[in-house]
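Enquirer: Kindly return the folded structure for what I paste below:
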Amino acid sequence: MRIATWNVNGLRARLEYIQHWLAARSPDVVGMQELKVAEEQFPADVFEQLGYQVALHAQKGWNGVAVLSRLPMQVEQAGLPGQEDAGARLLHCRIAGGAATKLGFATVYCPNGKNIDHEDFPRKLAWYDSLTAYLGGQGTDGPFVLCGDFNVVPEPLDGWRGDAADGTIFCTSDERRRFQGLLDLGMTDLFRHLHPARQAFSWWDYRAGAFPRNQGLRIDTLLGTAAVAERLRDVVIDRDYRKKKDGNIGSDHAPVYADIA
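Expert: Residues are numbered from 1 along each chain as shown. As a prediction, this is how the structure comes out:
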């Protein structure tokens, strides 16, 4: 099974690009974030023609998350309980891959926080606390994947500035403690599990030549329970799909995918 996460940064602007990637990489389950499209404008038929079922929690012009699945699925939860004012940022589904295979799969678009002095920063931390409480209440003993744009650089290795960025937005001890809180529920950072010392990024600013200079951050992550991590075969930050394709400009985020036996 190939599972993936991707902040598409505006679905309608990237639709042809997304179709190109789906055809090239053939993922079975995809969590998408930052759709920026109202539910009635979401082109579900395009994905259905490619063989995907669609689950959607959308919001006009902002936020929005979706799950595409080649396998049967049902929605368990749309929206993070207690954080409705933060927008459409969580979608939790149950993926059924046969009588012996069931996978919990949630995609999240965590708040940005803007900067550490902004009023959105404590709201970001509160959102993380609510996410941890929600997942703790669900239980994560079986096969479960939490994926998305976490807007946290888990450790200095995950940012191009390294230790120099400590204390700035995405790199504060408060944010990193919240991210660690998800791992403490029994989750594993799948990329770091396979590549404990590799520096690789999933997001690059459009400005100042950040992408060709590889001045990026690893903020897009697949987390999995032990039942997933023990069957992990590969994790790829798909940097090639941050580049232009057939004249189409990609998101400022690269897709990240993992192959599970």
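
Enquirer: show me where the stretch 51-200 of the chain has strands.
Expert: 53-57, 65-69, 73-78, 90-96, 102-109, 144-149, 187-189 (DSSP state E, counting those that start in this stretch).

Enquirer: List the strands paired with the last one, with their directions.
Expert: The strands that strand 187-189 pairs with in its sheet are strand 220-225 (antiparallel) (by DSSP bridges).

Enquirer: and the strand it pairs with with strand 144-149, angle?
Expert: On the basis of axes from the mean of the first three to the mean of the last three C-alpha atoms, to 10 degrees, strand 220-225 is oriented at 170 degrees to strand 144-149.

Enquirer: For the stretch 101-250 of the chain, which segments count as helices?
Expert: 120-138, 173-183, 190-194, 226-229 (DSSP state H, counting those that start in this stretch).

Enquirer: Which strand residues bridge the closest residue to Ala229 other than its chain neighbours?
Expert: Of all residues not flanking Ala229 in the chain, Thr188 sits nearest, at 4.3 Å (C-beta to C-beta, 6 or more residues apart in numbering). Quick note: C-beta positions are derived from backbone N, CA and C, even for glycine. Applying DSSP bridges to Thr188 yields these beta-bridge partners: Gly224.

Enquirer: Run through the stretch 101-250 of the chain and note the low-pLDDT ranges.
Expert: 101 (pLDDT under 70).

Enquirer: Asp163 against Leu157, yeah?
Expert: No: Asp163 lies out of contact with Leu157 (C-beta atoms under 8 Å); the separation is 9.6 Å.

Enquirer: quick one on the thing from earlier: any chance of the strands of the stretch 51-200 of the chain in a markdown table, plus distance to Gln215 and mean neighbour count?
Expert: A markdown table is the format used below for the strands of the stretch 51-200 of the chain (distance: least, C-beta to C-beta, whole Å; neighbours: other C-beta atoms under 10 Å):
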| stretch | distance to Gln215 | mean neighbour count |
| --- | --- | --- |
| strand 53-57 | 32 | 20 |
| strand 65-69 | 27 | 26 |
| strand 73-78 | 35 | 14 |
| strand 90-96 | 30 | 22 |
| strand 102-109 | 23 | 24 |
| strand 144-149 | 18 | 26 |
| strand 187-189 | 22 | 21 |
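
Enquirer: Let me see the contact set for the nearest residue to Gly162 once chain neighbours are set aside.
Expert: Nearest non-adjacent residue to Gly162, counting by C-beta to C-beta, 6+ apart: Pro156, 4.7 Å away. Residues near Pro156 by C-beta atoms under 8 Å, 6 or more residues apart in numbering: Gly162, Asp163, Ala165, Asp166, Cys171.

Enquirer: For the first one, the count of nearby residues, please.
Expert: Read that as Gly162. 14 (other C-beta atoms under 10 Å).

Enquirer: From Arg176, how far off is it?
Expert: Separation of Gly162 from Arg176 (C-beta to C-beta, to the nearest Å): 14 Å.

Enquirer: And the second one, by the same measure?
Expert: Asp163 sits 13 Å away from Arg176 when distances are taken as C-beta to C-beta.

Enquirer: who's more crowded, those two?
Expert: Neighbours per residue (other C-beta under 10 Å) separate Asp163 from Arg176, with Arg176 holding more: 17 against 11.

Enquirer: The more buried one reaches Pro154, doesn't it?
Expert: Yes: look at Arg176 against Pro154 with C-beta under 8 Å: they come within range, at 6.5 Å.

Enquirer: coming back round to it: looking at the strands of the stretch 51-200 of the chain, which is nearest to Trp204?
Expert: Comparison of the strands of the stretch 51-200 of the chain against Trp204 by C-beta to C-beta identifies strand 144-149 as nearest, at 13.5 Å.
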